[in-house]
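**Q** Sequence plus predicted model, see below.
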Amino acid sequence: MPPSTPIQPLTSASLAVAVRAVRALDPRLATLVERDGVPPLWERPPGFVTLGRIVLEQQVSLEAAASLWQRLDREIPGGFEAEPIAERGIDALRQHGLTRQKAAYLHGLAVVVADGSLQLSSLEQMSDQDASARLTGLHGIGPWTAAVYLLFALRRPDVWPPGDLALHLAIQAMDGMATPPARLEANHRAEQWAPWRAVAARILWHAYLRERGRKV
């Protein structure tokens, strides 16, 4: 899709339509939808707060990341915003419970947002590929982080978060595999769900949470 062509963000209405399309692509996903229903949109507001929270969510549980975010928002004068975090510095951020690596990632992101080097609003007009490339050009933001931001904040319909453990476990359960698929295998599996890979991801996350009795 050319970068100049606007990509329509998913809405609750268009998600329901897309779920029907995905059900036609894969009968196993259709079975999950029949069991669990249409997944939530799980939208997040675009901007620094959401992207910063996704950085906190790297390789930890959502619950642990939420607790850390609440602590930072409460303890940092000015809250969890780009300018206060940029001014805080890496060593000071570590005093709030961040590892040195996470502190460096979050601080670096805050600096480029605060000084205007990164205009997150500009991503909304970019193609998935260009927006992902812009984000992954930043220290500490890899393909998973970029994809999750595009999926939830920009509500893009055809992005896939590579290496997401919950998605791999959901595919394992859905396909009756002995072990979770490797990253490349899961990526290949997701290709059959294009142009609705983000919709398939929502169906799989929904199933993962339902199977574990967790709130959705």
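**A** Right, received. Where do you want to start? Keep in mind that this is a model prediction, so the values were computed, not measured.
**Q** For Ala173, report the pLDDT, please.
**A** Predicted confidence (pLDDT) for Ala173: 97.
**Q** what about it, distance to Ser122?
**A** 39 Å (CB to CB, to the nearest Å). Glycine gets a C-beta too; all of them are placed from N, C-alpha and C.
**Q** Tell me where the protein has helices.
**A** In the chain, the helices defined using DSSP state H lie at 12-25, 27-36, 48-56, 62-75, 82-88, 90-94, 100-114, 128-136, 143-152, 165-175, 183-191, 197-211.
**Q** out of Ala173 and Ser122, which sits in the busier spot?
**A** For Ala173 versus Ser122, the count of surrounding residues by other CB atoms under 10 Å is larger for Ala173: 15 against 11.
**Q** so who does the more buried one touch?
**A** 207-208, 211 (CB atoms under 8 Å, 6 or more residues apart in numbering).
**Q** Need the worst-confidence member of these.
**A** Lowest pLDDT among the contacts of Ala173: Glu211, 90.
**Q** show me the contacts for it.
**A** Glu211 touches 170, 173, counting by CB under 8 Å, 6+ apart.
**Q** what's the answer for Glu75, then?
**A** Taking CB under 8 Å, 6+ apart, one finds His96 in contact with Glu75.
**Q** From Pro46, how far off is it?
**A** From Glu75 to Pro46 the distance is 25 Å (CB to CB).
**Q** quick one: low-confidence parts of the chain?
**A** 1-6, 215-216 (pLDDT under 70).
**Q** ok now stretch 75-85, how far from the chain's centre?
**A** 22 Å (CA atoms, centre = their mean, to the nearest Å).
**Q** what does stretch 31-48 give?
**A** That offset, for stretch 31-48, works out to 12 Å (CA atoms, centre = their mean).
**Q** send the alpha carbons of that stretch over as CSV?
**A** Provided in CSV are the C-alpha atoms of stretch 31-48 (Å, rounded to 0.1, in the frame of the first residue of the first chain):
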residue,chain,number,x,y,z
THR,A,31,-14.0,-21.9,16.0
LEU,A,32,-12.3,-19.6,18.6
VAL,A,33,-14.7,-16.7,17.6
GLU,A,34,-17.7,-19.1,17.9
ARG,A,35,-16.5,-20.0,21.4
ASP,A,36,-15.3,-16.6,22.7
GLY,A,37,-17.2,-14.1,20.6
VAL,A,38,-15.7,-11.0,18.8
PRO,A,39,-12.6,-9.8,20.6
PRO,A,40,-12.3,-6.4,22.2
LEU,A,41,-10.8,-3.6,20.2
TRP,A,42,-8.4,-2.8,23.1
GLU,A,43,-7.6,0.6,21.6
ARG,A,44,-5.1,2.9,23.3
PRO,A,45,-4.7,6.6,22.7
PRO,A,46,-1.8,7.5,20.4
GLY,A,47,1.1,9.4,21.9
PHE,A,48,4.1,9.2,24.2
